[in-house]
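Q: Coordinates for the following, if possible.
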Amino acid sequence: MGDTGSLLGNWTIPTPSGGACDIQVGRGTATVANVVPDGFRRLVFMAQPTTTELARRLEDAAIRSGADTQILTLPDGDAAKNLSVVDRTYRDLNALGFSRGDLIVAVGGGALTDTAGF
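A: Numbers count the residues shown, from 1 in each chain. Here you go, the predicted structure:
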């Protein structure tokens, strides 16, 4: 994970608490330092079957930094493009006790990031 790969973009997104979250998009850019902003201690990594191993590495690093984490694996491709996946994901988040003050990290793309942002 030391290779920065190809950075496609870097954005700063304001958070509801008045802070900001830096977002990097690109292959090989994920490290726990730029995935988990300061102040977040509870997070869910949403992954696809093809990105679960990366999510596990990020989760391990987040746990070492004191975060309470979970991984939710969503289906790939067209199988993820339906409201039953969103419904199941919301039910899983609710069962974990997540609220708007917690963080969701999407590890993947396409329908996964659509669901994470929804």
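Q: Spell out the residue ranges of the helices in this structure.
A: 32-35, 52-64, 83-95, 111-117 (DSSP state H).
Q: Pipe those helices into JSON lines and attach mean pLDDT, mean neighbour count and distance to residue 12 per row.
A: Where you see a C-beta, it was placed from the backbone N, CA and C, and this is true even at glycine. Listed next are those as JSON lines, based on pLDDT from 0 to 100; neighbours: other Cβ atoms under 10 Å; distance: least, Cβ to Cβ, whole Å:
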{"stretch": "helix 32-35", "mean pLDDT": "56", "mean neighbour count": "16", "distance to residue 12": "12"}
{"stretch": "helix 52-64", "mean pLDDT": "86", "mean neighbour count": "17", "distance to residue 12": "20"}
{"stretch": "helix 83-95", "mean pLDDT": "93", "mean neighbour count": "13", "distance to residue 12": "25"}
{"stretch": "helix 111-117", "mean pLDDT": "83", "mean neighbour count": "17", "distance to residue 12": "17"}
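Q: Pipe these into a markdown table and attach distance to residue 70 per row.
A: A markdown table is the format used below for the helices of the chain (distance: least, Cβ to Cβ, whole Å):
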| stretch | distance to residue 70 |
| --- | --- |
| helix 32-35 | 15 |
| helix 52-64 | 8 |
| helix 83-95 | 8 |
| helix 111-117 | 13 |
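Q: Nearest residue to the most centrally placed residue in the chain in space, ignoring adjacent ones along the chain?
A: By Cα atoms, centre = their mean, the chain has its centre lying nearest to residue 105, at 1.2 Å. Spatial nearest neighbour of residue 105, excluding adjacent residues (Cβ to Cβ, 6 or more residues apart in numbering): residue 45 at 5.0 Å.
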